[in-house]
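In: sequence and predicted structure, then a few things I'm wondering about:
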Amino acid sequence: RISLIGISVLGALASNGAQLLLARVFLFGPSVTLLIPPVLIAGTLTGASLGVFCETFIRRSHWYRRRLPSRL
């Protein structure tokens, strides 16, 4: 089972990968490789931050807990 942090980071990296691919095709060409490190670092940090927020929200939220199926 993967955590919400893992899902958020993978989602951010997939989104960044698609954006970089489109930037290469339509805007920058091969020079997009200069953007890869900062974009992937920023995506990893923001994805992890969102995942931590979601994990914390789920753990602390009484509202969310009442709406969960009983198996969790």
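Out: Now that the structure is in, tell me what you want to look at.
In: distance of A14 relative to R67?
Out: 28 Å (CB to CB, to the nearest Å). Backbone N, C-alpha and C define where each C-beta goes, glycine included.
In: the two: who's more crowded?
Out: For A14 versus R67, the count of surrounding residues by other CB atoms under 10 Å is larger for A14: 12 against 7.
In: now the more buried one: which helix or strand?
Out: Counting by DSSP states H and E, the element that carries A14 is helix 4-23.
In: can you check P69 too?
Out: If you go by DSSP H and E, P69 is not part of any helix or strand.
In: what does the pLDDT read for it?
Out: You'll see P69 listed with a pLDDT of 75.
In: against F57, how distant is it?
Out: Plainly put, P69 is 17 Å away from F57 if you go by CB to CB.
In: quick check: next helix or strand after the helix holding A14?
Out: Heading C-terminal from helix 4-23, the first helix or strand you meet, by DSSP H and E, is helix 36-60.
In: low pLDDT regions in this structure?
Out: Residues of the chain that meet the criterion pLDDT under 70 lie in 70-72.
In: quick revisit: just want the angle from the helix holding A14 to helix 36-60.
Out: Here the directions of helix 4-23 and helix 36-60 differ by 150 degrees (axes from the mean of the first three to the mean of the last three CA atoms, to 10 degrees).
In: give me the contacts around helix 4-23.
Out: Contact with helix 4-23 is made by 2, 32, 35-36, 39-40, 42-44, 46-48, 50-52, 54-55, 58, as judged by CB atoms under 8 Å, 6 or more residues apart in numbering.
In: weed out the non-buried ones from those residues.
Out: The neighbour-count criterion (16 or more other CB atoms under 10 Å) marks 32, 39, 43-44, 47, 50-51 among these as buried.
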